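Peer 1: Build me a structure from this.
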Amino acid sequence: MSIRVIMTATIGPEDFEAFEKAYIEVTSKVRGTPGHLRDELVRDTSDPTKYALIAEWESEELFRTWADDPEHMRQSAAMFPYWADSFRRSIHEVRATLESYRTPGDLPAAG
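Peer 2: Below you'll find the model as predicted:
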């Protein structure tokens, strides 16, 4: 199954617009990278200074190959000034999605 890489950061209100532009710049460069499926940038509705970038990759191996490549640093440089103080990254294996099941009876048993 695919993975989701979730990167979170706190962005000051004075940087919202520049940060979102940097996100667009970076994701346009990452598009087409082997294994990269898509990205989403989301902002917390209860605290707009909290952002999360959710990246979908075919596998952790393909993500780590890209993340360890020096080209990754060049591609992502526009976002670094905004991530600097509060950046966190976690990698999650997708275990199930709503699209995975046709009917409630197809859901796996809990446990």
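Peer 1: Assign a three-state SS to I91, would you?
Peer 2: Three-state assignment for I91 (DSSP: H, G, I helix; E, B strand; the rest coil): strand.
Peer 1: ok, and the helix or strand in this protein with the lowest average confidence?
Peer 2: helix 80-83 (a mean of 86; mean pLDDT, DSSP states H and E).
Peer 1: quick one, strands of the chain?
Peer 2: With strands called from DSSP state E, the chain shows them at 3-10, 36-43, 50-57, 88-93.
Peer 1: And those strands: which comes nearest E71?
Peer 2: Comparing the strands of the chain by their distance to E71 (Cβ to Cβ), the top pick is strand 36-43, with 12.5 Å. No exception for glycine: its C-beta is placed from N, CA and C like everyone else's.
Peer 1: Show residues contacting the closest one.
Peer 2: 2, 20, 23, 27, 30, 50-58, 62-63, 66 (Cβ atoms under 8 Å, 6 or more residues apart in numbering).
Peer 1: Next: stretch 46-55.
Peer 2: Contacts of stretch 46-55 (Cβ under 8 Å, 6+ apart): 4-13, 16, 19, 23, 36, 38-44, 63.
Peer 1: send the alpha carbons of that stretch over as CSV?
Peer 2: Taking only C-alpha atoms (Å, rounded to 0.1, in the frame of the first residue of the first chain), the coordinates of stretch 46-55 have been written out as CSV:
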residue,chain,number,x,y,z
SER,A,46,-9.0,26.4,14.8
ASP,A,47,-5.4,27.7,14.6
PRO,A,48,-4.6,29.1,11.2
THR,A,49,-0.8,29.2,12.1
LYS,A,50,-0.8,25.4,12.0
TYR,A,51,-0.1,23.9,8.5
ALA,A,52,0.3,20.3,7.4
LEU,A,53,1.6,19.1,4.0
ILE,A,54,0.3,15.7,3.2
ALA,A,55,2.3,13.9,0.5
